[in-house]
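Asker: please find the sequence and the predicted model below.
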Amino acid sequence: MPSSTIEQYFVDLLNIERYDSLRDYINTYRAHSRLIAQIHAYVFDESEIPHA
């Protein structure tokens, strides 16, 4: 999958205008935050990622 496709996926996913309420937006962000961190760790040097 081209990186631009992955980037566009997250841009679309985190576009607040897609959601009916702020609660839906926050729940989606929380659900994907670990995945976002894992992709970031893969794309960038893992030592840059603070581990919780």
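Answerer: Okay, I see it. Predicted model only: the values in this text are computed from it and were never measured.
Asker: could you use CA atoms for every contact and neighbour count after this?
Answerer: Noted.
Asker: excluding covalently adjacent residues, which one is nearest to L22?
Answerer: For L22, ignoring the flanking residues on the chain, the nearest one in space by CA to CA, 6 or more residues apart in numbering is I16 at 7.7 Å.
Asker: roughly how far apart are the one you found and Y29?
Answerer: Between I16 and Y29 the distance, using CA to CA, to the nearest Å, works out to 10 Å.
Asker: cool, and T5?
Answerer: Counting by CA to CA, the gap from T5 to Y29 is 18 Å.
Asker: so those two - more neighbours on which side?
Answerer: Between T5 and Y29, counted using other CA atoms under 10 Å, Y29 has the larger neighbour count: 16 against 10.
Asker: that one: which element?
Answerer: Using DSSP states H and E, Y29 maps to helix 22-43.
Asker: may I see the buried residues of that helix?
Answerer: Residues 25, 29 are the ones in helix 22-43 that count as buried (16 or more other CA atoms under 10 Å).
Asker: packing partners of it?
Answerer: Using 3 or more CA pairs under 8 Å, 6 or more residues apart in numbering; DSSP states H and E as the contact criterion, no helix or strand is in contact with helix 22-43.
Asker: then that helix to PDB, C-alphas only?
Answerer: Taking only C-alpha atoms (Å, rounded to 0.1, in the frame of the first residue of the first chain), the coordinates of helix 22-43 have been written out as PDB:
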ATOM      1  CA  LEU A  22     -17.300  14.800  19.500                       C
ATOM      2  CA  ARG A  23     -17.700  11.600  21.500                       C
ATOM      3  CA  ASP A  24     -17.700   9.500  18.300                       C
ATOM      4  CA  TYR A  25     -14.600  11.300  17.200                       C
ATOM      5  CA  ILE A  26     -12.800  10.800  20.500                       C
ATOM      6  CA  ASN A  27     -13.700   7.100  20.600                       C
ATOM      7  CA  THR A  28     -12.400   6.600  17.100                       C
ATOM      8  CA  TYR A  29      -9.200   8.400  17.900                       C
ATOM      9  CA  ARG A  30      -8.700   6.400  21.100                       C
ATOM     10  CA  ALA A  31      -9.400   3.100  19.200                       C
ATOM     11  CA  HIS A  32      -6.800   4.000  16.600                       C
ATOM     12  CA  SER A  33      -4.100   5.700  18.700                       C
ATOM     13  CA  ARG A  34      -2.200   2.500  19.400                       C
ATOM     14  CA  LEU A  35      -2.300   1.600  15.700                       C
ATOM     15  CA  ILE A  36      -1.100   5.100  14.800                       C
ATOM     16  CA  ALA A  37       1.800   4.800  17.300                       C
ATOM     17  CA  GLN A  38       2.800   1.400  15.800                       C
ATOM     18  CA  ILE A  39       2.800   2.700  12.300                       C
ATOM     19  CA  HIS A  40       4.800   5.700  13.400                       C
ATOM     20  CA  ALA A  41       7.300   3.400  15.100                       C
ATOM     21  CA  TYR A  42       7.600   1.300  11.900                       C
ATOM     22  CA  VAL A  43       8.000   4.300   9.600                       C
END
